[in-house]
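Enquirer: Sequence and computational prediction follow.
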Amino acid sequence: MSMAELRTSTDAWDELLDHEGNPRAASVELVQQLHTLGLSELQQRQDLAELDIVGMGITFTVYSDGRGIDRAWPFDVIPRVIAASEWREVERGLVQRLRAVNMFIDDVYHEQRIIHDGVFPADLLAHSVNFRAECVGVTPKFGVWAHISGSDLVRDADGTMYVLEDNLRVPSGVSYVLENRAISKRAFADVFQKQSILPVDAYTDELNRMLSSLAPDGVDEPTIAVLTPGIYNSAYFEHSFLAQRIGAALVEGVDLVVGDDECVYMRTIDGLERVHVIYRRVDDLFIDPEVFREDSTLGVPGLMRAWRAGNVAIANAPGAGVADDKVVYAWVPDMIRYYLGEEPLLPNVPTYRCVYPDELQYVIDHIEELVVKPANESGGYGLLIGNRATRSELDAAIAQIEADPRNWVAQPILALSTAPTLCDGAIEPRHVDLRPFILSGATSYVSAGGLTRVALRRGSLVVNSSQGGGSKDTWIVEA
Amino acid sequence: MLLSRVAENLYWGARYLERAEDTARLVRSFTELILDLPRGVASSWEPLLAVAGSREQFDAGHLRAGENEIVRFLVADLANRGSVVASVAQARENLRTTREVLPREAWQAVNDLFLFTSRDTESGVDRRSRARFLGRVMSECQRLDGVVAGMMRRDEAYELWRLGQVMERADMTTRVLGVRAASLLAATGDRHEFDEVQWMGVLRSLTALQMYQRSHRGPIDGASVVSFLLYDATFPRSVAGCVQQMRASLQRLPHADATLPAVDELDGLLSGLPAQATDGRALDLAMDQVQLALDALHGCVHDAFMRGVL
C-alpha cells in the first residue's frame, strides 16, 4: 500500500502525511507500522476493533421512525496523530478561551460591563434564546459557569488550527475518547510500546476532582449525581460510562426531589439521600418545570430554587449556554482581549455576522462560497454548505436569513484537513475535526487530545455521528 | 446507596435472566426426554406450555400444538414475553440502566447473550441445533452469574439481584412440581414402565438429577424427588433453598421488618405440607398456594424498595 498515493487526491492538509506523501514527524512510527501491516492485516485489526465495540456494548442512539435505535459506535482503526509540541499550544489557547468565556457569562449575569463598555452589542443579548433571566445575580463557585466544554477544532489547508465552535451546554463524546483508546491500544500495541503517546485515562479523575470542588461549602465528601434524560438519549451510553468512572449515581429527573429545606435528594431504597453536585446532561429548558418548560418530565421541580440557594451545584450551570451560540462565538476573540488583556492564542474561523447589514449583504452576495449556520442548532442540523447546495436551496436559505438575520452567521468553506481512513478495504483520505474537552473549576484541565470525528463518506464535511460520521483515536505524540 | 428505580431494574433484570435460563433448560430437557420415550407414551409437547404457564397465550395465537410451534413459541417468539429471546431482550433493557452498579463484565455478558440470541434465533427452534443453542443460553447465564458472584460487592444491589434470581427460580421449581410432578404422581396408580425416565426428566428440567442422586440411595422414586425439590435447602433450586436465600437477602436490605413476614408466610406454608407428597392433586393445589405466597412477597418487595417513597 502506498501512502504517497493518498496525497494526489486532495488539496487539504493531511494529519499524517505532508504534501509529498511523507509521514509528518509525529506520524513516522505509525506510518511505518501501517506499511508493515499491509492492507489485509489492517483490515483484520479493523474487524477485530468492530467486534470489540459490539461486544463491549459501545453504542450511540439514533432516532428513526420515532424510536431510538442503539447503534454500534463507528470507529476507524487508523489513528489521528498530533505532535505534543503543537498540542501544548492548543491547550494553552483553549484554557485562555474558556477563562474568557466564563468571565463573559459571569459578567452577563451580573454588571454586564462588556456591554456598558461597548464591546458586546446589547441587543444581541436581548435576543439571545440562551440567556436565562432566572440566572441573573447568581454566583456559582469560582465564578465558573461552563465547567465542561467541548470546543470543536478544525484545520485549514495551510495547517492552521481554528476553533469552529464552543460547546458549553452538554457537550458529549468524551467517553468515546476513552473507549477509542482502549480499542486502539489493542490494535497498535507495538506502536504504543515504541513511542510516547499521552494517556487519556486521567480525564475522569480530573472530572471527579472538579465536580467535587463545586460542592457547597462545608461538604467534605460530596455526593455527585449524573442527571440523564434517560435511556433513549443519544448519549446515554456516555452518561452511564461517566457515572461509573466517577462513582456517581446515574439519576433521571424522577429519581430526584427538592425538599422543603430547598435541598436536593435522591429516592433510594433506604429513603431520601442528599445530593450536593449534579453533573447534568439535560438541556437548561428541561431541568426544572417550575421555572422553564412546564411539560418537562426530564427535570426536577424546584431544582433552580435549590441551586440559587447554594444548596446544590449544577454543572454546567444553568444559563451557561448564553455563550454557546454561533453568533456570540464571533465575539470570543474580543472577550479574550477585553477580560484578559491578551491576544487570542487560537484563532476563530472568520465569521460574518448577519446582524450587521454590510456583513449580511456580503453573505447574500457570496453564499455559494460560504457555510451558513443558524445560531442555536447542534449536531450539524440546519447547516448549509454553499458550494454543495442547489440554487433553490440557496434562495430558501437567503429568505430564512433575511427573515431573522440575528439568528445567522456565515463562514468561509474551509478545506477541512484529512486523515487516512480505512474505507471498504482501501485507505482513503477523509475529512476530520477534533473535539477536546476542557474542565474549568478553580483550575483548568484539557483532555490529552480529544475526539477525532471523521466524515466517512468521500468528500463529505459532516462528521456528526448522527449523520454518518465516524471516529478515530487521537494520539498526542512526543516526537 | 441504591436508587429505587435502579433497584427495580436490577431485580427484574435478574428475574428475566433466570427465566431465560430456566426456560432454555426446560425445553432442552423435554426435547431429550421425548426422544427417550417410545411413541404413544408421552409424545405431546403440551406439558411444556403448562409448566411455562403460557397455555392460554399460546392457544390464542396457534391452531396446532406441535413440537415446532410450541418450541418456537417458548424459545424464539419475541411476542411471547416469557420466551427465551424475549426474556434476554428484556433483561438487557433492564440492565442497560444499571450499568453503573453491575460489574462491567456483567453488562458485556448480557450484551453477548443478547447478540447471540437475536442473531441465531432460528437455531434454537431447529431440532438439530436446538440443544446447542439452549446450552449456550444456559452457559452464558451462568457466566453472568459467575461474574456477579466473583466480582460484586455484597451491597444492596447484589442482594436485590439475588432476590430477583431466587424469586424467579422458586417460581419455576413450583411450576415444574405443580404440573409435571403432580401429573406423574396422579398417573402412577399402577406403576408405569417409563416412570423412572419421566422422573429423571423432571429432575433434569431443574438441573437436579446429579444432586438428587448424590443425596438419595436406591432407584428414583417420585415421592423422594418431590421431597428433594421441595425441602432440601442445600440444593439451590429447591423451593426451601430459594426461600432461605430470599430471607438472607432481605435481612441484609433495608425495611426487613416490612418484608420478612411474607417470607415467614412462605416458610409456614412449606412446613405445613406433608413430608412425603404422594398425592398429585394435593401437590398441585399446594404449589398454587406457594405461588400465591410468592406473589405476595413480590408485592412487599415492590412496595418496600421500588416505589421511591417521598
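Expert: Cool, the structure landed. Residues are numbered from 1 along each chain as shown, chains lettered A, B, ... in the order given.

Enquirer: where in the chain is pLDDT low?
Expert: Since no chain was named, I'll use chain A. A:1-10, A:61-69, A:376-381 (pLDDT under 70).

Enquirer: um, chain B though
Expert: Looking along chain B with the criterion set at pLDDT under 70, you get B:39-42, B:188-193, B:275-277, B:308-310.

Enquirer: Could you list the domains of it?
Expert: Domain segmentation of chain B under automatic domain parsing yields B:1-152, B:166-310.

Enquirer: Dump these to CSV, plus mean neighbour count.
Expert: Heads up, the C-betas are built off the backbone N, CA and C, glycines and all. Listed next are these as CSV, based on neighbours: other CB atoms under 10 Å in any protein chain shown:
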stretch, mean neighbour count
domain B:1-152, 19
domain B:166-310, 18
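
Enquirer: Quick one: neighbours of the residue in the stretch 201-350 of chain A positioned nearest to chain B, just the number.
Expert: Nearest residue of the stretch 201-350 of chain A to chain B: residue A:267, at 3.7 Å (CB to the nearest CB). Neighbourhood size, residue A:267 [other CB atoms under 10 Å in any protein chain shown]: 22.

Enquirer: Likewise for residue A:161?
Expert: When neighbours are counted by other CB under 10 Å, residue A:161 comes out with 20.

Enquirer: Show the contacting residues for it.
Expert: A:86, A:90, A:153, A:154, A:155, A:346 (CB atoms under 8 Å, 6 or more residues apart in numbering or on different chains).

Enquirer: Specify the beta-bridge partners of it.
Expert: Bridge pairing for residue A:161 (DSSP bridges) gives the partners residue A:155.

Enquirer: Tell me how far it lies from residue A:148.
Expert: From residue A:161 across to residue A:148, the span is 21 Å (CB to CB, to the nearest Å).

Enquirer: Residue B:140 too?
Expert: 37 Å.

Enquirer: follow-up on the earlier one: give me the residues contacting the helix or strand where the residue of the stretch 201-350 of chain A closest to chain B lies.
Expert: Per DSSP states H and E: residue A:267 is located in strand A:264-268. Residues outside strand A:264-268 that contact it (CB under 8 Å, 6+ apart) are A:223, A:225, A:249, A:251, A:254-259, A:272-275, A:278, A:300, A:303, A:306, A:311-312, B:1-5, B:308-310.

Enquirer: Any chance of a PyMOL selection covering the buried ones in those?
Expert: Filtering these down to the buried ones (16 or more other CB atoms under 10 Å in any protein chain shown) takes a single PyMOL command:
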select buried, (chain A and resi 223+225+249+251+254+255+256+257+258+272+273+275+278+300+303+306+311+312) or (chain B and resi 2+3+4+5+308)
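
Enquirer: From the contacts of strand A:264-268, which land in helices?
Expert: Taking DSSP state H, the ones among those that sit in helices are A:303, A:306, B:4, B:5.

Enquirer: Could I get those residues in CSV, plus columns for distance to residue A:181?
Expert: Below are the ones in helices among the contacts of strand A:264-268 laid out as CSV (distance: CB to CB, whole Å):
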residue, distance to residue A:181
A:303, 34
A:306, 37
B:4, 35
B:5, 32
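
Enquirer: Closest one of these to residue B:242?
Expert: Checking the ones in helices among the contacts of strand A:264-268 against residue B:242 with CB to CB, the nearest one is residue B:4 at 24.1 Å.

Enquirer: for the domains of chain B, which one sits closest to residue A:420?
Expert: Here domain B:1-152 is closest among the domains of chain B (CB to CB), at 30.5 Å.

Enquirer: Briefly note if the closest one comes near chain A.
Expert: Yes. On the criterion CB under 8 Å from any CB of the partner chain, domain B:1-152 is in touch with chain A at B:1-7, B:93, B:96-97, B:99-100, B:104, B:107-108, B:111-112, B:115.

Enquirer: which SSE is the residue lying closest to residue B:216 once chain neighbours are set aside in?
Expert: Leaving aside its sequence neighbours, residue B:216 sits nearest to residue B:224 (CB to CB, 6 or more residues apart in numbering or on different chains; 5.6 Å). Element membership of residue B:224 [criterion: DSSP H and E] is helix B:222-231.

Enquirer: Other residues contacting that helix?
Expert: By CB under 8 Å, 6+ apart, the list of residues contacting helix B:222-231 reads B:173, B:176-177, B:181, B:184-185, B:188, B:195, B:199, B:202-203, B:206, B:208, B:212, B:215-216, B:235, B:237-240, B:270, B:273, B:275-278, B:283.

Enquirer: so residue B:184 touches residue B:203, yeah?
Expert: No. Residue B:184 is beyond contact range of residue B:203, at 11.6 Å (criterion: CB atoms under 8 Å).

Enquirer: Break down the stretch 1-150 of chain A into its strands, ranges please.
Expert: Remark: strands assigned in the stretch 1-150 of chain A by DSSP state E, counting those that start in this stretch are A:59-64, A:67-72, A:75-83, A:148-149.

Enquirer: could you say what helices and strands the last one packs with?
Expert: To tie it back to what came earlier, the one meant is strand A:148-149. Judged by 3 or more CB pairs under 8 Å, 6 or more residues apart in numbering or on different chains; DSSP states H and E, the packing partners of strand A:148-149 are strand A:438-440.

Enquirer: So what are the sheet partners of whatever helix or strand comes next after the strand it packs on and their directions?
Expert: Using DSSP H and E, the next helix or strand after strand A:438-440 towards the C-terminus is strand A:444-446. Sheet pairing for strand A:444-446, assigned by DSSP bridges, gives strand A:438-440 (antiparallel).

Enquirer: The nearest residue to residue B:234 once chain neighbours are set aside: which element?
Expert: Distances taken as CB to CB, 6+ apart put residue B:241 closest to residue B:234, at 6.9 Å, once the chain neighbours are dropped. Secondary structure assignment for residue B:241, by DSSP H and E: helix B:239-252.

Enquirer: Need the contact partners of that helix.
Expert: Contacts of helix B:239-252 (CB under 8 Å, 6+ apart): B:154, B:156, B:159-160, B:162-163, B:166-167, B:169-170, B:173-174, B:177, B:229-236, B:256, B:259-260, B:263, B:266-267, B:270, B:290, B:297, B:301.

Enquirer: Repeat that for stretch A:350-370.
Expert: Contacts of stretch A:350-370 (CB under 8 Å, 6+ apart): A:121, A:124, A:326-327, A:329-330, A:372, A:386-387, A:389, A:394, A:397-398, A:401-402, A:405-413.

Enquirer: Narrow those to those in helices?
Expert: Among the contacts of stretch A:350-370, DSSP H puts A:124, A:394, A:397, A:398, A:401, A:402 in helices.

Enquirer: Quick check: the farthest pair among the residues you listed?
Expert: Farthest pair in the ones in helices among the contacts of stretch A:350-370 (CB to CB) is A:124 and A:394. Separation: 25.8 Å.

Enquirer: returning to what we had before: among the contacts of helix B:239-252, name the ones in helices.
Expert: Per DSSP H, helices hold the following members of these: B:156, B:159-160, B:162-163, B:166-167, B:169-170, B:173-174, B:229-231, B:256, B:259-260, B:263, B:266-267, B:270, B:290, B:297, B:301.
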